[in-house]
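In: Give me a 3D structure for the following:
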Amino acid sequence: MKSYFMFLPIPVLLLASCGSEPTRRAAQTQTPPVAVQTTAVSTEEWPASYEATGTVRARTTATISSKVMGYVQQVSVQVGDHVREGQPLITLEVRDLDVSLRRAEAGRAEVESAIPELENATAAAKANLDLAQATFKRMQELAEKKSISNQEFDEASARLKAAQANYEMTRSRRTQLNSKMAQVDQEVRAAGIMRDYAKLAAPFSGVVITKTVEPGNLATPGTPLLTIEQDGLYRLEASVDASKLASVRVGQAVEAVIEASDRKVNARVSEIVPSVDSASRTYIVKLDLPATPQLRTGMFGRAIFPLGMEKVVAIPVAALMDRGQLQSVFVVEDGVAHTRLVTTGRRTKDGVEVLSGLNAGERIVVPLPPGLLDGAGVEVRQ
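Out: Numbering: from 1, shown residues only. The predicted structure is shown next:
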């Protein structure tokens, strides 16, 4: 069987090849343009801000330690427990303080037992004084009438003076006894206070965040046993650059973003620490945060300080296309829509800040019609 081959001249092949390009262009020109609306990219006045990072801290923190030395008998809380003001936390075993209290109480009982006897003596002295005064008065009247001798009158006068001295002595003893009673009362009160130191209670309502004690440990004065932070009251301690401190003032309203909740809250500057950190050259600015149940010490947060107004390139939100981590818009040039990647910044309800990719005056498609592709012909309609 023989094979047959057909040979065509080279110019015929070239003509056939070149004829496909006009056909493709003609097909493109036959696609109707997409009707779109456009707007010019403009610059707008937006509020400028400075963002500083910081850490959430409790406004009030208490370190619980013992005022007396003693072995720990009981620990009633664990880390994370919520406690109320006055709730018992730790109990110490301090028998020597009980002994001191009983000794003081015994001393008070001894003084109290002497009170009735002294009161009887005072009453007897007062009765004796009254009798001596009455006798002296009668003797004085008789002496004026020359009815008694001088010896008898002198004896009555001496008995009166002796009765007065005895009564004053018993009154002085009662005053001393009252002073002694006040002293032993103070000793009993002091011994009771020292014994009460064996029971450590919460100074306020809060959350236990650290615990370094177990039953059987020896508690010494000043050694931290528990740490409690007041529940619901927190602040953000932000590190503010020294160059931005001039725009920060106490009482200023500031927005704060807590990383865990990822939402903005209204905070207020409560304190500016005057010292500068030598490593970072920053100031610590403390912002009071509103009561939020999810807040905890150590959380990361950001403080946004207002700095006035600045000009930014902004576009409507409806003009932006989000595809993963890429943002783009359609820019119209000579009746053709071109995709332009942009870098965005802050957003508002209706606008987006464009950091790069667009210039003021360029026209972009907004709103985005469905099916619009890069390079498609468009017809701008107002």
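
In: which residues of the stretch 51-200 of the chain fall in strands?
Out: Ranges of strands in the stretch 51-200 of the chain, per DSSP state E, counting those that start in this stretch, are 61-65, 70-75, 82-83, 88-93, 199-201.

In: Any idea how far the third one is from the middle of the chain?
Out: The one in question is strand 82-83. On the basis of CA atoms, centre = their mean, to the nearest Å, strand 82-83 sits 16 Å off its chain's mean C-alpha point.

In: that older thread, now the strands of the stretch 51-200 of the chain in JSON lines, with mean pLDDT?
Out: Formatted as JSON lines, the strands of the stretch 51-200 of the chain follow (pLDDT from 0 to 100):
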{"stretch": "strand 61-65", "mean pLDDT": "92"}
{"stretch": "strand 70-75", "mean pLDDT": "90"}
{"stretch": "strand 82-83", "mean pLDDT": "92"}
{"stretch": "strand 88-93", "mean pLDDT": "90"}
{"stretch": "strand 199-201", "mean pLDDT": "91"}
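
In: Pro367 is nearest to which of those strands?
Out: strand 82-83 (51.9 Å; CB to CB). Placement of C-beta: from N, CA and C, glycine included.

In: Tell me the strands beside that closest one, with direction?
Out: strand 206-211 (antiparallel) (DSSP bridges).

In: Now the strand it pairs with: buried residues?
Out: 206-209, 211 (16 or more other CB atoms under 10 Å).

In: Same question for stretch 104-123.
Out: When burial is assessed from 16+ other CB under 10 Å, stretch 104-123 yields the following buried residues: 104, 107-108, 111, 118, 121-122.

In: Stretch 135-154: how far from the chain's middle?
Out: So, by CA atoms, centre = their mean, the centroid of stretch 135-154 is 88 Å from its chain's centroid.

In: er, stretch 199-212 I mean
Out: Worked out by CA atoms, centre = their mean, stretch 199-212 lies 16 Å from the chain centre.

In: cool, stretch 188-203 as well?
Out: Here stretch 188-203 is found 29 Å from its chain centre; the criterion is CA atoms, centre = their mean.

In: can you check stretch 313-325 too?
Out: On CA atoms, centre = their mean, the centre of stretch 313-325 falls 39 Å from the chain's centre.

In: likewise stretch 32-48?
Out: 45 Å.

In: got a list of contacts for that stretch?
Out: 306-316, 319, 330, 332, 335, 337, 346, 351, 353-354, 358-367, 369, 371-372, 376-382 (CB atoms under 8 Å, 6 or more residues apart in numbering).

In: Among these, the buried ones, what's the ChimeraX command?
Out: Command for ChimeraX that selects the buried part of the contacts of stretch 32-48, burial taken from 16+ other CB under 10 Å:
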select :312,313,314,315,319,330,332,337,351,353,354,358,362,364,365,366,376,378
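
In: my read: Val184 touches Arg103, true?
Out: No: using CB atoms under 8 Å as the test, Val184 is too far from Arg103 to be in contact (10.2 Å).

In: ok, the two, which is more surrounded?
Out: Val184 (19 against 13; other CB atoms under 10 Å).
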